[in-house]
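got a sequence here, can you build the structure:
(chains A and B)
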Number of protein chains: 2
Amino acid sequence: MRSEKYPSELLEQAVDAISSLPGVGEKSALRLALHLLRQPVDNVRHFTDSIRNLRENVKYCRTCMMISDDEECAICRDGSRDHNTICVVENVRDVMSIEATGQYHGVYHVLGGKISPIDGVGPSDLKIVELKNRVAALTQTAGAENLEVILALSGDVEGETTSFYIFRQIAGFGVKVSALARGLGFGDDLEYADQLTLGRSIVNRQVFKP
Amino acid sequence: MRSEKYPSELLEQAVDAISSLPGVGEKSALRLALHLLRQPVDNVRHFTDSIRNLRENVKYCRTCMMISDDEECAICRDGSRDHNTICVVENVRDVMSIEATGQYHGVYHVLGGKISPIDGVGPSDLKIVELKNRVAALTQTAGAENLEVILALSGDVEGETTSFYIFRQIAGFGVKVSALARGLGFGDDLEYADQLTLGRSIVNRQVFKP
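Sure, this is the predicted structure:
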(Lines give C-alpha, C1' and ligand atoms only; values in the text may rest on other atoms or scores of the structure.)
Protein backbone atom coordinates (compact mmCIF):
# COMPACT_ATOMS: atom_id res chain seq x y z
CA MET A 1 0.00 0.00 0.00
CA ARG A 2 1.38 3.38 -0.92
CA SER A 3 1.50 6.36 1.41
CA GLU A 4 -1.04 9.15 1.08
CA LYS A 5 1.80 11.66 0.78
CA TYR A 6 1.69 11.79 -3.02
CA PRO A 7 -1.40 12.50 -5.09
CA SER A 8 -0.39 9.89 -7.69
CA GLU A 9 1.37 6.55 -7.68
CA LEU A 10 3.25 7.45 -10.87
CA LEU A 11 4.57 10.58 -9.18
CA GLU A 12 5.57 8.63 -6.09
CA GLN A 13 7.45 6.04 -8.18
CA ALA A 14 9.32 8.74 -10.11
CA VAL A 15 10.22 10.59 -6.90
CA ASP A 16 11.44 7.31 -5.37
CA ALA A 17 13.61 6.63 -8.43
CA ILE A 18 15.07 10.14 -8.58
CA SER A 19 15.77 10.30 -4.84
CA SER A 20 17.83 7.10 -5.18
CA LEU A 21 20.50 9.27 -6.81
CA PRO A 22 23.35 10.24 -4.48
CA GLY A 23 22.92 13.69 -2.96
CA VAL A 24 19.30 14.03 -4.08
CA GLY A 25 16.82 14.20 -1.21
CA GLU A 26 13.08 13.60 -1.41
CA LYS A 27 12.24 17.30 -1.71
CA SER A 28 14.68 17.84 -4.59
CA ALA A 29 13.41 14.66 -6.23
CA LEU A 30 9.84 15.96 -6.13
CA ARG A 31 10.98 19.29 -7.56
CA LEU A 32 12.81 17.50 -10.40
CA ALA A 33 9.87 15.14 -11.09
CA LEU A 34 7.46 18.09 -11.37
CA HIS A 35 9.96 19.89 -13.59
CA LEU A 36 10.13 16.89 -15.94
CA LEU A 37 6.33 16.75 -15.92
CA ARG A 38 6.24 20.27 -17.34
CA GLN A 39 8.62 19.43 -20.22
CA PRO A 40 7.44 18.28 -23.66
CA VAL A 41 7.06 14.49 -23.96
CA ASP A 42 9.87 14.34 -26.55
CA ASN A 43 12.33 16.08 -24.22
CA VAL A 44 11.60 13.65 -21.41
CA ARG A 45 11.94 10.72 -23.81
CA HIS A 46 15.29 12.09 -24.97
CA PHE A 47 16.32 12.50 -21.32
CA THR A 48 15.49 8.92 -20.33
CA ASP A 49 16.81 7.45 -23.60
CA SER A 50 20.23 9.06 -23.18
CA ILE A 51 20.59 7.65 -19.67
CA ARG A 52 19.43 4.18 -20.71
CA ASN A 53 21.64 4.30 -23.79
CA LEU A 54 24.66 5.21 -21.71
CA ARG A 55 24.12 2.30 -19.32
CA GLU A 56 23.28 -0.28 -21.98
CA ASN A 57 25.62 0.63 -24.81
CA VAL A 58 28.73 2.12 -23.25
CA LYS A 59 31.98 0.26 -23.93
CA TYR A 60 35.17 0.03 -21.91
CA CYS A 61 38.58 0.22 -23.56
CA ARG A 62 40.08 -3.29 -23.69
CA THR A 63 43.52 -1.89 -22.83
CA CYS A 64 42.99 0.75 -20.15
CA MET A 65 39.33 0.08 -19.08
CA MET A 66 38.38 3.70 -19.76
CA ILE A 67 34.83 4.48 -20.91
CA SER A 68 34.89 4.48 -24.68
CA ASP A 69 32.69 4.48 -27.77
CA ASP A 70 34.86 1.76 -29.32
CA GLU A 71 36.78 -1.37 -28.30
CA GLU A 72 39.83 0.78 -27.73
CA CYS A 73 39.64 4.34 -26.38
CA ALA A 74 40.86 7.46 -28.18
CA ILE A 75 43.86 7.80 -25.86
CA CYS A 76 45.09 4.23 -26.38
CA ARG A 77 44.57 4.61 -30.15
CA ASP A 78 46.62 7.83 -30.22
CA GLY A 79 50.05 6.97 -31.68
CA SER A 80 51.53 10.29 -30.60
CA ARG A 81 51.21 9.41 -26.91
CA ASP A 82 53.84 7.62 -24.84
CA HIS A 83 52.50 4.07 -24.47
CA ASN A 84 55.32 3.11 -22.11
CA THR A 85 54.13 5.41 -19.34
CA ILE A 86 51.00 4.16 -17.60
CA CYS A 87 49.15 6.36 -15.15
CA VAL A 88 47.07 4.23 -12.75
CA VAL A 89 43.89 5.98 -11.54
CA GLU A 90 40.80 5.03 -9.60
CA ASN A 91 38.11 6.11 -12.02
CA VAL A 92 36.97 7.78 -15.23
CA ARG A 93 36.76 11.20 -13.63
CA ASP A 94 40.43 11.03 -12.64
CA VAL A 95 41.38 10.46 -16.29
CA MET A 96 39.26 13.44 -17.29
CA SER A 97 40.87 15.60 -14.59
CA ILE A 98 44.42 14.70 -15.63
CA GLU A 99 43.59 15.13 -19.33
CA ALA A 100 42.17 18.57 -18.55
CA THR A 101 45.59 19.68 -17.24
CA GLY A 102 47.15 19.03 -20.67
CA GLN A 103 50.37 18.06 -18.82
CA TYR A 104 50.33 14.30 -19.32
CA HIS A 105 51.14 12.52 -22.57
CA GLY A 106 51.26 8.88 -21.51
CA VAL A 107 48.39 6.41 -21.26
CA TYR A 108 46.13 5.30 -18.40
CA HIS A 109 44.90 2.30 -16.48
CA VAL A 110 41.51 2.69 -14.79
CA LEU A 111 41.24 0.48 -11.68
CA GLY A 112 37.54 1.05 -11.10
CA GLY A 113 37.96 1.99 -7.43
CA LYS A 114 40.38 1.48 -4.58
CA ILE A 115 40.87 -1.28 -2.02
CA SER A 116 38.43 -0.61 0.80
CA PRO A 117 37.59 -3.54 3.07
CA ILE A 118 34.92 -1.48 4.84
CA ASP A 119 33.04 -1.12 1.54
CA GLY A 120 33.72 -4.74 0.62
CA VAL A 121 36.14 -3.82 -2.19
CA GLY A 122 39.12 -6.17 -2.40
CA PRO A 123 41.98 -6.34 -4.93
CA SER A 124 40.05 -8.82 -7.09
CA ASP A 125 37.25 -6.25 -7.60
CA LEU A 126 39.71 -3.90 -9.28
CA LYS A 127 41.53 -4.20 -12.60
CA ILE A 128 44.84 -5.05 -10.90
CA VAL A 129 45.40 -8.42 -12.62
CA GLU A 130 44.82 -6.63 -15.94
CA LEU A 131 47.44 -4.04 -14.99
CA LYS A 132 49.91 -6.77 -14.04
CA ASN A 133 49.35 -8.58 -17.36
CA ARG A 134 49.68 -5.31 -19.24
CA VAL A 135 52.98 -4.47 -17.54
CA ALA A 136 54.22 -8.04 -18.10
CA ALA A 137 53.44 -7.85 -21.82
CA LEU A 138 55.06 -4.40 -22.18
CA THR A 139 58.16 -5.64 -20.37
CA GLN A 140 58.56 -8.21 -23.16
CA THR A 141 58.12 -5.74 -26.03
CA ALA A 142 59.52 -2.44 -24.69
CA GLY A 143 61.88 -3.61 -21.92
CA ALA A 144 61.35 -2.97 -18.20
CA GLU A 145 63.90 -0.13 -18.12
CA ASN A 146 61.78 1.93 -20.56
CA LEU A 147 58.54 1.54 -18.62
CA GLU A 148 57.07 3.78 -15.95
CA VAL A 149 53.96 3.19 -13.86
CA ILE A 150 52.61 6.31 -12.14
CA LEU A 151 50.40 5.56 -9.14
CA ALA A 152 47.94 8.45 -9.21
CA LEU A 153 45.58 7.33 -6.45
CA SER A 154 44.02 9.49 -3.77
CA GLY A 155 46.06 10.38 -0.70
CA ASP A 156 43.74 8.68 1.84
CA VAL A 157 44.26 5.35 3.60
CA GLU A 158 42.45 3.35 0.89
CA GLY A 159 44.46 5.05 -1.86
CA GLU A 160 47.76 4.42 -0.05
CA THR A 161 46.80 0.80 0.58
CA THR A 162 45.94 0.31 -3.08
CA SER A 163 49.19 1.97 -4.21
CA PHE A 164 51.19 -0.28 -1.91
CA TYR A 165 49.35 -3.40 -3.06
CA ILE A 166 49.96 -2.55 -6.73
CA PHE A 167 53.59 -1.71 -6.02
CA ARG A 168 54.13 -5.19 -4.56
CA GLN A 169 52.42 -6.78 -7.59
CA ILE A 170 54.55 -5.04 -10.21
CA ALA A 171 57.84 -4.30 -8.42
CA GLY A 172 59.20 -7.68 -9.55
CA PHE A 173 59.16 -6.60 -13.21
CA GLY A 174 61.82 -3.98 -12.51
CA VAL A 175 59.82 -1.11 -14.00
CA LYS A 176 60.05 2.42 -12.63
CA VAL A 177 57.18 3.15 -10.25
CA SER A 178 56.37 6.74 -9.31
CA ALA A 179 53.63 8.54 -7.43
CA LEU A 180 52.05 11.99 -7.72
CA ALA A 181 53.93 14.81 -5.97
CA ARG A 182 52.34 15.76 -2.66
CA GLY A 183 52.66 19.17 -1.07
CA LEU A 184 50.97 22.52 -0.82
CA GLY A 185 48.65 23.44 -3.65
CA PHE A 186 49.52 26.46 -5.78
CA GLY A 187 47.98 29.48 -4.09
CA ASP A 188 47.48 27.63 -0.78
CA ASP A 189 47.80 29.57 2.43
CA LEU A 190 50.26 28.07 4.95
CA GLU A 191 47.90 29.00 7.75
CA TYR A 192 45.16 26.70 6.45
CA ALA A 193 47.29 23.75 5.29
CA ASP A 194 46.96 20.55 7.31
CA GLN A 195 49.99 19.50 9.41
CA LEU A 196 50.77 16.39 7.38
CA THR A 197 50.80 18.23 4.05
CA LEU A 198 52.83 21.12 5.42
CA GLY A 199 55.31 18.74 7.11
CA ARG A 200 55.80 16.76 3.88
CA SER A 201 56.17 20.01 1.94
CA ILE A 202 59.11 21.00 4.11
CA VAL A 203 60.77 17.57 4.05
CA ASN A 204 60.33 17.26 0.26
CA ARG A 205 61.24 20.89 -0.45
CA GLN A 206 62.31 21.63 -4.02
CA VAL A 207 65.02 23.78 -5.62
CA PHE A 208 63.63 27.30 -5.96
CA LYS A 209 63.07 28.17 -9.61
CA PRO A 210 62.28 31.87 -9.97
CA MET B 1 31.46 17.62 -33.88
CA ARG B 2 31.57 16.79 -30.21
CA SER B 3 34.08 18.27 -27.80
CA GLU B 4 37.07 16.22 -26.66
CA LYS B 5 36.07 16.81 -23.06
CA TYR B 6 34.28 13.48 -22.68
CA PRO B 7 35.77 10.10 -23.48
CA SER B 8 32.49 8.88 -24.97
CA GLU B 9 29.64 10.39 -26.92
CA LEU B 10 27.10 8.36 -24.94
CA LEU B 11 28.51 9.80 -21.73
CA GLU B 12 28.43 13.31 -23.14
CA GLN B 13 24.79 12.92 -24.21
CA ALA B 14 23.75 11.61 -20.79
CA VAL B 15 25.62 14.43 -19.02
CA ASP B 16 23.95 16.99 -21.32
CA ALA B 17 20.53 15.51 -20.55
CA ILE B 18 21.07 15.38 -16.78
CA SER B 19 22.53 18.88 -16.61
CA SER B 20 19.36 20.22 -18.26
CA LEU B 21 17.64 19.65 -14.90
CA PRO B 22 17.25 22.81 -12.81
CA GLY B 23 19.98 23.23 -10.20
CA VAL B 24 22.16 20.46 -11.66
CA GLY B 25 25.49 21.72 -13.01
CA GLU B 26 27.76 19.88 -15.42
CA LYS B 27 30.00 18.48 -12.66
CA SER B 28 27.05 17.07 -10.71
CA ALA B 29 25.59 15.71 -13.95
CA LEU B 30 28.84 13.84 -14.67
CA ARG B 31 28.89 12.48 -11.13
CA LEU B 32 25.28 11.27 -11.49
CA ALA B 33 25.91 9.76 -14.95
CA LEU B 34 28.90 7.81 -13.64
CA HIS B 35 26.84 6.72 -10.63
CA LEU B 36 24.10 5.39 -12.94
CA LEU B 37 26.76 3.63 -15.00
CA ARG B 38 27.78 1.66 -11.89
CA GLN B 39 24.21 0.48 -11.18
CA PRO B 40 22.76 -2.80 -12.48
CA VAL B 41 21.06 -2.46 -15.89
CA ASP B 42 17.66 -3.33 -14.38
CA ASN B 43 17.91 -0.52 -11.81
CA VAL B 44 18.71 2.03 -14.50
CA ARG B 45 15.85 0.72 -16.64
CA HIS B 46 13.50 1.04 -13.66
CA PHE B 47 14.81 4.58 -13.10
CA THR B 48 14.20 5.74 -16.67
CA ASP B 49 10.89 3.86 -16.97
CA SER B 50 9.41 5.53 -13.90
CA ILE B 51 10.27 8.99 -15.21
CA ARG B 52 8.94 8.24 -18.68
CA ASN B 53 5.83 6.64 -17.23
CA LEU B 54 5.15 9.68 -15.09
CA ARG B 55 5.39 12.02 -18.04
CA GLU B 56 3.41 9.89 -20.47
CA ASN B 57 0.71 8.40 -18.27
CA VAL B 58 -0.02 10.92 -15.54
CA LYS B 59 -3.57 12.25 -15.43
CA TYR B 60 -4.94 15.55 -14.19
CA CYS B 61 -8.15 15.73 -12.17
CA ARG B 62 -10.94 17.03 -14.43
CA THR B 63 -12.30 19.15 -11.56
CA CYS B 64 -9.29 20.66 -9.78
CA MET B 65 -6.43 19.96 -12.29
CA MET B 66 -4.40 18.21 -9.59
CA ILE B 67 -2.08 15.36 -10.61
CA SER B 68 -4.04 12.16 -10.27
CA ASP B 69 -4.04 8.46 -11.12
CA ASP B 70 -7.68 8.73 -12.25
CA GLU B 71 -10.01 11.12 -14.05
CA GLU B 72 -10.89 12.65 -10.71
CA CYS B 73 -8.39 13.01 -7.86
CA ALA B 74 -8.73 11.44 -4.41
CA ILE B 75 -9.52 14.79 -2.79
CA CYS B 76 -12.34 15.65 -5.22
CA ARG B 77 -13.73 12.10 -4.82
CA ASP B 78 -13.73 12.38 -1.02
CA GLY B 79 -17.35 12.95 0.08
CA SER B 80 -16.28 13.91 3.61
CA ARG B 81 -14.57 17.10 2.39
CA ASP B 82 -16.24 20.49 2.01
CA HIS B 83 -16.78 20.87 -1.74
CA ASN B 84 -18.05 24.43 -1.36
CA THR B 85 -14.68 25.77 -0.20
CA ILE B 86 -12.13 26.00 -3.01
CA CYS B 87 -8.50 26.77 -2.26
CA VAL B 88 -6.79 28.26 -5.34
CA VAL B 89 -3.07 27.42 -5.54
CA GLU B 90 -0.30 27.78 -8.09
CA ASN B 91 0.88 24.21 -8.29
CA VAL B 92 0.85 20.59 -7.18
CA ARG B 93 3.45 21.17 -4.48
CA ASP B 94 1.24 23.80 -2.85
CA VAL B 95 -1.59 21.25 -2.56
CA MET B 96 0.83 18.78 -0.98
CA SER B 97 2.10 21.44 1.45
CA ILE B 98 -1.42 22.44 2.56
CA GLU B 99 -2.52 18.79 2.81
CA ALA B 100 0.53 18.10 4.99
CA THR B 101 -0.73 20.64 7.56
CA GLY B 102 -3.91 18.59 8.06
CA GLN B 103 -5.73 21.91 8.71
CA TYR B 104 -7.74 22.19 5.51
CA HIS B 105 -10.81 20.16 4.66
CA GLY B 106 -12.09 21.84 1.52
CA VAL B 107 -11.06 21.17 -2.09
CA TYR B 108 -8.50 22.75 -4.43
CA HIS B 109 -8.07 24.41 -7.79
CA VAL B 110 -4.57 24.15 -9.30
CA LEU B 111 -3.84 27.12 -11.60
CA GLY B 112 -0.60 25.74 -13.03
CA GLY B 113 1.43 28.89 -12.31
CA LYS B 114 0.90 32.59 -11.76
CA ILE B 115 0.56 35.56 -14.08
CA SER B 116 4.07 36.69 -14.98
CA PRO B 117 4.44 38.83 -18.12
CA ILE B 118 8.24 38.63 -17.84
CA ASP B 119 8.07 34.84 -18.20
CA GLY B 120 5.39 35.11 -20.88
CA VAL B 121 2.66 33.68 -18.64
CA GLY B 122 -0.69 35.39 -19.14
CA PRO B 123 -4.12 34.63 -17.63
CA SER B 124 -5.00 32.35 -20.56
CA ASP B 125 -2.05 30.08 -19.73
CA LEU B 126 -3.57 29.33 -16.33
CA LYS B 127 -6.72 27.42 -15.39
CA ILE B 128 -8.63 30.64 -14.58
CA VAL B 129 -11.50 30.11 -17.03
CA GLU B 130 -11.94 26.63 -15.54
CA LEU B 131 -12.11 28.18 -12.06
CA LYS B 132 -14.67 30.73 -13.22
CA ASN B 133 -16.83 27.99 -14.79
CA ARG B 134 -16.51 25.88 -11.66
CA VAL B 135 -17.60 28.74 -9.41
CA ALA B 136 -20.46 29.59 -11.80
CA ALA B 137 -21.72 25.99 -11.72
CA LEU B 138 -21.45 25.77 -7.92
CA THR B 139 -23.32 29.06 -7.54
CA GLN B 140 -26.25 27.39 -9.30
CA THR B 141 -26.25 24.24 -7.18
CA ALA B 142 -25.03 25.37 -3.75
CA GLY B 143 -25.82 29.09 -3.79
CA ALA B 144 -23.25 31.89 -3.83
CA GLU B 145 -23.68 32.61 -0.11
CA ASN B 146 -22.43 29.10 0.78
CA LEU B 147 -19.31 29.27 -1.36
CA GLU B 148 -15.82 30.40 -0.38
CA VAL B 149 -12.82 30.81 -2.65
CA ILE B 150 -9.48 31.01 -0.79
CA LEU B 151 -6.70 32.69 -2.80
CA ALA B 152 -3.60 30.86 -1.56
CA LEU B 153 -1.03 32.32 -3.95
CA SER B 154 2.48 33.42 -3.10
CA GLY B 155 3.04 36.86 -1.57
CA ASP B 156 5.18 38.24 -4.40
CA VAL B 157 4.14 40.67 -7.14
CA GLU B 158 3.10 37.88 -9.55
CA GLY B 159 1.05 36.16 -6.84
CA GLU B 160 -0.65 39.41 -5.86
CA THR B 161 -1.38 40.22 -9.52
CA THR B 162 -2.88 36.78 -10.06
CA SER B 163 -4.99 37.04 -6.90
CA PHE B 164 -6.30 40.41 -7.99
CA TYR B 165 -7.08 39.16 -11.53
CA ILE B 166 -8.98 36.15 -10.17
CA PHE B 167 -10.82 38.32 -7.68
CA ARG B 168 -12.10 40.53 -10.51
CA GLN B 169 -13.18 37.45 -12.48
CA ILE B 170 -15.23 35.87 -9.71
CA ALA B 171 -16.33 38.84 -7.56
CA GLY B 172 -19.49 39.20 -9.68
CA PHE B 173 -20.83 35.84 -8.48
CA GLY B 174 -21.14 37.17 -4.94
CA VAL B 175 -19.11 34.36 -3.35
CA LYS B 176 -16.90 34.94 -0.32
CA VAL B 177 -13.28 35.45 -1.36
CA SER B 178 -10.52 35.15 1.24
CA ALA B 179 -6.73 35.10 1.24
CA LEU B 180 -4.12 33.42 3.43
CA ALA B 181 -3.25 35.24 6.66
CA ARG B 182 0.05 37.12 6.36
CA GLY B 183 2.25 37.96 9.32
CA LEU B 184 5.17 36.71 11.32
CA GLY B 185 5.81 32.97 11.18
CA PHE B 186 5.55 30.99 14.41
CA GLY B 187 8.95 31.09 16.06
CA ASP B 188 10.13 34.03 13.93
CA ASP B 189 12.49 36.53 15.46
CA LEU B 190 11.32 40.18 15.21
CA GLU B 191 14.89 41.25 14.54
CA TYR B 192 15.08 39.26 11.32
CA ALA B 193 11.56 39.88 9.97
CA ASP B 194 11.31 42.07 6.87
CA GLN B 195 9.74 45.51 7.34
CA LEU B 196 6.67 44.78 5.23
CA THR B 197 5.80 41.60 7.11
CA LEU B 198 6.42 43.20 10.50
CA GLY B 199 4.40 46.28 9.55
CA ARG B 200 1.46 44.16 8.38
CA SER B 201 1.72 42.05 11.54
CA ILE B 202 1.20 45.15 13.70
CA VAL B 203 -1.63 46.56 11.59
CA ASN B 204 -3.42 43.18 11.43
CA ARG B 205 -2.73 42.29 15.08
CA GLN B 206 -4.98 39.63 16.57
CA VAL B 207 -6.70 39.14 19.93
CA PHE B 208 -4.20 37.50 22.27
CA LYS B 209 -5.26 33.91 23.07
CA PRO B 210 -3.08 32.52 25.84
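
can I assume A:S178 sits in a strand?
Yes - counting by DSSP: H, G, I helix; E, B strand; the rest coil, A:S178 is part of a strand.

for it, list each beta-bridge partner.
A:I150 (DSSP bridges).

that one reaches A:L151, doesn't it?
Yes - at 7.1 Å, A:S178 counts as touching A:L151 under the criterion of CB atoms under 8 Å. C-beta here means a position set from N, CA and C on the backbone, and glycine is covered the same way.

who's more crowded, the two?
Counted by other CB atoms under 10 Å in any protein chain shown, A:S178 and A:L151 do not tie: A:L151 has more neighbours, with 20 against 12.

residues contacting the more buried one?
A:88, A:163, A:166-167, A:177-180 (CB atoms under 8 Å, 6 or more residues apart in numbering or on different chains).

quick one: which of those is nearest to chain B?
A:V88 (16.6 Å; CB to the nearest CB).

wasn't the closest one part of a strand?
Yes - assessed with three-state DSSP, A:V88 lies in a strand.

distance of A:V89 from B:L180?
For A:V89, the distance to B:L180 equals 55 Å [CB to CB, to the nearest Å].

so between these two, which is more surrounded?
A:V89 (24 against 14).

other residues contacting stretch A:166-176?
Counting by CB under 8 Å, 6+ apart, A:88, A:128, A:131-132, A:135-136, A:139, A:144-145, A:147-149, A:151, A:177 sit against stretch A:166-176.

please read the previous query as pertaining to stretch A:44-53.
A:36, A:39, B:10, B:13-14, B:16-18, B:20, B:33, B:36, B:44-45, B:47-49, B:51-52, B:55-56.

give the contact list for the residue nearest the centre of chain A.
Nearest to the mean C-alpha position of chain A, by CA atoms, centre = their mean, lies A:N91 at 1.5 Å. Going by CB under 8 Å, 6+ apart, A:N91 touches A:110-113, B:34.

go again using 10 Å as the cut-off
Listed by CB atoms under 10 Å, 6 or more residues apart in numbering or on different chains, the contact partners of A:N91 are A:65-67, A:97, A:110-114, B:34, B:38.

most neighbours of all the residues you listed, which one?
That'd be A:V110 among the contacts of A:N91, by other CB under 10 Å, with 26 neighbours.

overlap of the contact sets of A:S178 and A:L151?
Counting by CB under 10 Å, 6+ apart, the residues touching both A:S178 and A:L151 are A:C87.

quick one: mean pLDDT over the helix or strand A:E12 falls within.
Per DSSP states H and E, A:E12 falls inside helix A:9-18. Confidence over helix A:9-18 (mean pLDDT, whole number) is 95.

residue contacts, A:G25?
A:18-19, A:31.

and chain B, which of these contact it?
Among those, the residues within reach of chain B (CB under 10 Å from any CB of the partner chain) are A:18, A:31.

for the contacts of A:G25, pick the one with the most neighbours.
Neighbour counts for the contacts of A:G25 peak at A:I18, which has 23 neighbours (criterion: other CB under 10 Å).

my read: that one touches A:L37, true?
No - A:I18 is not in contact with A:L37 according to CB atoms under 10 Å; the separation is 11.8 Å.

list the buried ones in the lowest-mean-pLDDT helix or strand in chain A?
None of the helices or strands of chain A scores lower by mean pLDDT, DSSP states H and E than helix A:195-203, at a mean of 84. If you call a residue buried by 16 or more other CB atoms under 10 Å in any protein chain shown, then helix A:195-203 has these buried ones: A:198, A:200-201.

what does stretch A:93-102 give?
A:94-96, A:98.

near chain B, anything from stretch A:69-78?
Yes - judged by CB under 10 Å from any CB, stretch A:69-78 and chain B are in contact via A:69-70, A:73-75.

so which of those are in helices?
A:74-75 (DSSP state H).

and the closest residue to A:E26 other than its chain neighbours, how far is that from A:R31?
Distances taken as CB to CB, 6 or more residues apart in numbering or on different chains put A:S19 closest to A:E26, at 5.0 Å, once the chain neighbours are dropped. A:S19 sits 11 Å away from A:R31, going by CB to CB.

A:Y6: which element?
Applying DSSP H and E, one finds A:Y6 in no helix or strand.

again, but for A:M65
A:M65 belongs to no helix or strand, assigned by DSSP H and E.

next up, the contacts around it.
A:73, A:91-92, A:95, A:108-112, A:126-127, A:130-131.

ok, those residues vs A:G187, which is closest?
A:V95 (24.4 Å; CB to CB).

how many residues are close by the closest residue to the closest one other than its chain neighbours?
Spatial nearest neighbour of A:V95, chain neighbours left out: A:Y108 (5.2 Å); criterion: CB to CB, 6+ apart. A total of 28 residues lie near A:Y108 under the criterion other CB under 10 Å.

confirm that A:Y108 sits in a helix.
No - in this structure, A:Y108 is strand, not part of a helix, as judged by three-state DSSP.

tell me the contacts of it?
A:61, A:63-66, A:73, A:75-76, A:81, A:85-89, A:92, A:94-95, A:98-99, A:150, A:152, B:7.

one more time with 7 Å, if that's ok
Contacts for A:Y108 (CB atoms under 7 Å, 6 or more residues apart in numbering or on different chains) come out as A:64, A:66, A:75, A:86-87, A:89, A:95.

show me what it is bridged to.
Applying DSSP bridges, one finds that A:Y108 bridges with A:C87.

helices of chain A, residue ranges please.
Using DSSP H, helices in chain A cover A:9-18, A:26-38, A:41-57, A:74-77, A:92-101, A:128-142, A:157-170, A:195-203.

roughly how far does A:V110 sit from chain B?
10 Å (CB to the nearest CB, to the nearest Å).

mind checking pLDDT for that residue?
Per the predicted model, pLDDT is 97 at A:V110.

nearest spatial neighbour of it, skipping sequence neighbours?
A:V110 sits nearest to A:M65 (CB to CB, 6+ apart), 4.3 Å away.

quick one: that neighbour and A:E72, what's the gap?
A:M65 is 11 Å from A:E72, by CB to CB.

what does A:G143 give?
23 Å.

still on that earlier bit, farthest-separated two in the contacts of stretch A:166-176?
Pairwise over the contacts of stretch A:166-176, using CB to CB, the maximum falls at A:I128 and A:E145, 22.9 Å.

between those two, tell me which one has more neighbours.
A:I128 (21 against 10).

ok, now which ones touch the more buried one?
A:111, A:166, A:169.
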